[in-house]
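**Q** give the three-dimensional model of this entry:
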Amino acid sequence: MIISSALLFVWFLQSKQGKTPQDLTIDAAITRIKNKDFKEAYFQASQVEFTDANGNKFVTTVGSGEIREKLVDAITEHNSANQSSQVVLKEDPPSNSWGWLVLIQILPFLLLVGFLAFTLRQMQAGGNKALSFGKSKAKLLNNQQKRVTFKDVAGVQEAKEELQEIIEFLKDPQKFQKLGGKIPKGVLMVGPPGTGKTLLAKAVAGEANVPFFSISGSDFVEMFVGVGASRVRDLFEQGKKNAPCIIFIDEIDAVGRHRGAGLGGGHDEREQTLNQLLVEMDGFESNDGVILVASTNRPDVLDPALLRPGRFDRRVVVGRPDVKGREGILKVHTRKIPLDENVDISIIARGTPGFTGADLANLVNEAALNAARFDKKVVTMSDFEISKDKVLMGAERKSMVISDEEKKLTAYHEAGHTLVGLKVPSADPVHKVTIIPRGMALGVTQQLPEGDKHSLTKEYLTSQIAILMGGRIAEEIFFGDANVTTGASNDIERATDLARSMVCEYGMSSLGPLTFGKKDEQIFLGREINQHRDYSEDTAIKIDQEVNKIVAEGYEKAKTVITDNREAMVRLSEALLERETLDGVQIRRVVAGLPLDGDEESEGSDDDGSEEKSKSPFKKPILPPITGNNPATA
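**A** Numbering: from 1, shown residues only. Here you go, the predicted model:
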C-alpha cells in the first residue's frame, strides 16, 4: 500500500512536467534566439529551458558561468533590437531545483525502507506474531494482579478440600510420596454454570506458590488444521520448563468433545488438538510436575479417553450450594457492603434455594445498587427484596398501559394460581403474587420452598399441574368460556411437559416403571436433534392417554378448589386490584376473611405469641429461582 502510494506520487510529479524537452547546443540556441523562435527562457541551476510560440520546450545545458552569461547577453541584445518579439527571461534559485530532484529520485526508496522498518518493529513488539502462529496463548499469572484465595470461596467445601490437597502436594511432595502416593495428573471440575469453577481455579492460582498458566479451550482451535495441536505441544513445553506448575484450561468442552460425532462426521482440527492433548497428558513421554486443572459444565460431551484415570484422575463436582453454603457465599459478597441492622443473612440464605454463587453475587450487587439509587447509607432488607424481584422477574414495567378489563382478568388469573397453591397438598407455600407486569408476564404467582429439594414426589408434581391449571379455570368460571385469554398458554405447555415427563421418564403412570423414547444427541451441535421412538404405535396412544389423564385430573382438582372457595377467590382478586402485590401473610389473611393490615395492629400487643407471629419470615421473603427441578407458576 505504501509503495503504491509512493509510485503514484512520483508519477504525479512527473506528469506535471508535461512533454519531454528537446536538447539544443549553445550555438543552436543563440541562432534560434536571433531568429525570434523563442518566447521564454527559464534559467535553472544547470540548464536553460526555452519555450517557442507553439509551446514546445528545448533544453540547453549550462556547464559554466561563461556560457550562462553568453546566453543572457544574446537574449538581452535580441530584446533591445526587437521590442515586439521579446524573450521573457525567468530564473529560479538553484536550491529549489536540486530539492525537487532529490525528492523525486529518493522518495520511493525512503518509503520502502520505512515500510520494512515498521514491519520488523511490529513483529518484534508483537512477540514475532507472524512466525508464532502455533505458539500457545496461555497466560502466566502475574503476582501483581489482585489475588483470589480460598477465603474468597464459600459454599463448595468438598471441592476446596480436593484442590487444597493438590496445593499441599506441590508445597510438600514428600508427605505423600513416602507412602507411595502420586499426585493426580489432572483434575476436572464439573458443575452447572455460575457455581464457582473458575473462581476456584483463581483461588488455586492465588494459593499455590508455583507458576500458574491459564488458557481457554477455544484458544486451541483455529481454522488451519494442526495449529491447535502445535499450541498444545507448546503449552506443555512451557509447563515442563516451569515444573512444578499448574495449567488451567477453562471450558475444556470446546476442544475435548467426543471424536467422530456431529453432522457429516468429525472436526479435523478439533480432533487433532484433542489427540495431542491426550498424548501430552498421558502418553509415551511423562510430564511429571505438570498438573492440569480443567472446568466444564458439559461433562456429557467429553471424549471417554479424556476422562479415564491417568489423565483426569479426579472429578470434582461443584454443585449448587445448600443453605449453609449460600449463607457463606452471602457473607463473602457482603463483606464490603454496609448492611442495616435488620438484614439477616440466614433468612436470605434460607429463602434462596437453588441459587448459585453467581446468582447470589448478582442479588447482593442489585441490592447495593438499589440502595445507592435512593441515596441510602446502608443496604436494608427491602433492598434485597426488590433486588430479588428484579433478578428473577425483571424490572417492573410501570409505564405499560393496561385496560381495567385486562387488569381484572389478570387479577383473577393470578388469584386462581394462588388459591389452588394454598389448598392442594404437598405444594410449596405461596410466597408472593403480583399483577404488576414484569419481563414478559402480566402477573406472577411465586412459591417459596420450605427447604432444598433434591427429589420430587408424585403428589407434589400432580399438585403443580393443578396450580398451573388454576389460572385458566378462574378465567372460565368468572368470565365464561368465550372470554378465556392466551395468558394460560405457558401454564398449559408446562403442565403438559410435566405430565409427559411423569409418564415417559419418571414412571409415574399406569404404564408402570418404564421409560419411553431415547434422545439421540449430536455432540457436535451440543443439543438434542431428534428423539428415537423405541415403542409401538399402540404404546404411543396409551402414552397420550396417560398424559391427557394426568392433566385432566389436575384440571378437575383445581376446578373443585376454586368452586368450593368462590368467595375467597373474589376477596383475593379484589385485594390484588387494590394493592397490586400481596405477600404470603396478606394472602392468608385475605383467604381467611381477615383484614389485610391486621398484622400491623398486633405489633403493639403485649401478647408474646402475637409478637412472635408478627416476626414471621414471610415479611422478609426471598424467592428461589425457577428451575427444571423446581416448577413454579408464572
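**Q** report pLDDT for the residue lying farthest from the centre of the chain.
**A** Taking C-alpha atoms, centre = their mean, the residue of the chain most remote from its mean C-alpha position is residue 81, at 91.6 Å. The confidence metric pLDDT takes the value 75 at residue 81.
**Q** and if you look at residue 85?
**A** As predicted, residue 85 sits at a pLDDT of 73.
**Q** ok, for residue 244, nearest residue in space, not its chain neighbours?
**A** residue 289 (4.0 Å; C-beta to C-beta, 6 or more residues apart in numbering). Bear in mind the C-beta positions are built from the backbone N, C-alpha and C, glycine included.
**Q** isn't that neighbour right up against residue 246?
**A** No. Between residue 289 and residue 246 there is no contact, the gap being 10.0 Å when judged by C-beta atoms under 8 Å.
**Q** neighbour count for the two, which is higher?
**A** Each of residue 289 and residue 246 has its neighbours counted (other C-beta atoms under 10 Å); residue 246 has more, 26 against 16.
**Q** can I assume that one sits in a strand?
**A** Yes. Assignment of residue 246 by DSSP: H, G, I helix; E, B strand; the rest coil places it within a strand.
**Q** list the residues that contact the spatially closest residue to residue 364 that is not a sequence neighbour.
**A** Excluding the flanking residues, the one nearest residue 364 by C-beta to C-beta, 6+ apart is residue 333, at 4.4 Å. Contacts for residue 333 (C-beta atoms under 8 Å, 6 or more residues apart in numbering) come out as 360-361, 364-365.
**Q** which other residues reach whatever helix or strand residue 79 lives in?
**A** Here residue 79 sits within helix 65-81, counting by DSSP states H and E. Helix 65-81 is contacted from outside by 26, 29-30, 33-34, 36, 41, 43, 48, 60, 62, 86-87, 89, using C-beta under 8 Å, 6+ apart.
**Q** distance of residue 473 from residue 495?
**A** 12 Å (C-beta to C-beta, to the nearest Å).
**Q** no, scratch that, I was asking about residue 80
**A** For residue 80 relative to residue 495 (C-beta to C-beta), the value is 117 Å.
**Q** who has more neighbours out of the two?
**A** Set side by side, residue 80 and residue 495 show more neighbours around residue 495, with 24 against 9, by other C-beta under 10 Å.
**Q** just to be sure, the more buried one is in a strand?
**A** No. Counting by three-state DSSP, one finds residue 495 to be helix, located in no strand.
**Q** before we move on, back to that, among the contacts of residue 333, who's most crowded?
**A** If you rank the contacts of residue 333 by neighbour count (other C-beta under 10 Å), residue 360 sits at the top with 27 neighbours.
**Q** wait, that residue sits on residue 326?
**A** Yes. The pair residue 360 and residue 326 qualifies as a contact (C-beta under 8 Å) at a distance of 6.3 Å.
**Q** and for residue 342, nearest residue in space, chain neighbours not counted?
**A** Per C-beta to C-beta, 6+ apart, closest to residue 342 is residue 381, 5.3 Å.
**Q** mean confidence score for the host helix or strand of residue 42?
**A** Element membership for residue 42 (DSSP H and E) is strand 38-43. For strand 38-43, mean pLDDT is 77.
**Q** now it and helix 65-81, what's the angle there?
**A** For strand 38-43 against helix 65-81, the angle by axes from the mean of the first three to the mean of the last three C-alpha atoms, to 10 degrees is 150 degrees.
**Q** strand 38-43: which residues count as buried?
**A** Residues of strand 38-43 classed as buried by neighbour count (16 or more other C-beta atoms under 10 Å): 38, 40-43.
**Q** distance from the chain centre to that strand, please.
**A** 76 Å (C-alpha atoms, centre = their mean, to the nearest Å).
**Q** now what about the next helix or strand after that strand, what contacts it?
**A** Note on strand 38-43: by DSSP H and E, the next helix or strand toward the C-terminus is strand 47-52. Contacting residues not belonging to strand 47-52 are listed as 21, 24, 29, 32, 37-42, 57-62, 68, 71 [C-beta under 8 Å, 6+ apart].
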